[in-house]
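**Student:** got a sequence here, can you model it:
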Amino acid sequence: MNSVLTVLFVALGALAVMFLAVWVIEARKSRDTPDPGAPDPERVGLGFVTNFFDALGIGSFATTTTYFRFRKLVRDELIPGTLNVGHCLPTITQAFIGIAVIKVDVLTLVLMIATAVAGAWFGAGVVSRMPRRAIQIGMGIALLLAAGFMFAKVTNLMPSNEAGSLDLKGVPLVLGLVGSFFLGSIMPLGIGYYAPCMVLVAVLGMNPRAAFPIMYGACAFLMPVAGVQFIRKERYSLRAAVGLAVGGVFGAALALLVVKELPLYYVMWLVTVVVIYTGISLLRTAAREKKVGAPVA
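**Tutor:** Residues are numbered from 1 along each chain as shown. Predicted coordinates for the structure are as follows:
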């Protein structure tokens, strides 16, 4: 199995290089990518903080979306692409570290990653063509779902089996792969993969810690796949995405190599409340724009 992990790491490294090369080439070639320019300390700091907590299991999509809307840094229709592009390299960093230090069955890991990537390819193609109002509605619903998962986790409603298995076999494996494909397909919209993956893994009887290498690995492979589509269709904020990537790599590495674990109870409650507010705000904005027939500031 060590050889399988070696192949996995080589593939992940190659994918990271490919993603970065496509990003640089497309950004230099295109003059129409929204929000060009170097990132400022605010955007870099946002990447550091959101990916620090992302590596500890909170997730980064919902928190980043909330901050983008609060500070009006990124237009609503560009948020999904910015999340997938900007958080890609930090997530790959998490995968390299997490897969190396947390045990899980390699076959289960590889199959869950493969189905998540297939789902992300399908989902990103759909989301990158969606109009602004549809994206607002989709993100609003996605954020409320993410808040539901966070609430279940912080109130211990989420099933937990510390003695659970480190692999899936038979029917549970099939259900896990179907669930991973579905979660990958909706991730480009902004719901994130982490919290739903934790629920899926726990329901199927696995040890909750097994969710970490699965979700790190799945996101590390599916985000470049989704991100490249947003890059080529210029449906993201370049300045914000670069800031997330630069700050996020350091935030994720610090969390996994130095901090490793924090008491996040009150942070999770705060994030849950804020995400609910942001989800409702997006739905209200979409409703107002339907009435007036034009984007609402």
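**Student:** only C-alpha atoms for contact and neighbour calcs from this point on.
**Tutor:** Will do.
**Student:** low pLDDT regions in this structure?
**Tutor:** Applying pLDDT under 70 to the chain flags the ranges 1, 127-128, 158-164, 188-192, 261-264, 267-268, 271, 289-297.
**Student:** hmm, 50 instead?
**Tutor:** The chain contains residues with pLDDT under 50 at 296-297.
**Student:** what segments of the stretch 101-250 of the chain are strands?
**Tutor:** Ranges of strands within the stretch 101-250 of the chain: none, based on DSSP state E, counting those that start in this stretch.
**Student:** in it, which spans are helices?
**Tutor:** Applying DSSP state H, counting those that start in this stretch to the stretch 101-250 of the chain gives helices spanning 106-127, 132-154, 170-186, 194-203, 211-232, 238-254.
**Student:** tell me which of those helices lies nearest to residue 99.
**Tutor:** Nearest to residue 99 among the helices of the stretch 101-250 of the chain is helix 211-232 (4.9 Å), distances taken as Cα to Cα.
**Student:** as JSON lines, the helices of the stretch 101-250 of the chain with mean neighbour count and distance to residue 90 would be great.
**Tutor:** Shown next, in JSON lines, are these (neighbours: other Cα atoms under 10 Å; distance: least, Cα to Cα, whole Å):
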{"stretch": "helix 106-127", "mean neighbour count": "22", "distance to residue 90": "17"}
{"stretch": "helix 132-154", "mean neighbour count": "21", "distance to residue 90": "20"}
{"stretch": "helix 170-186", "mean neighbour count": "20", "distance to residue 90": "18"}
{"stretch": "helix 194-203", "mean neighbour count": "23", "distance to residue 90": "14"}
{"stretch": "helix 211-232", "mean neighbour count": "26", "distance to residue 90": "9"}
{"stretch": "helix 238-254", "mean neighbour count": "25", "distance to residue 90": "4"}
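**Student:** take the ones you listed and write them to CSV, including distance to residue 2.
**Tutor:** Below are those laid out as CSV (distance: least, Cα to Cα, whole Å):
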stretch, distance to residue 2
helix 106-127, 9
helix 132-154, 33
helix 170-186, 22
helix 194-203, 23
helix 211-232, 15
helix 238-254, 23
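**Student:** understood, closing this out.
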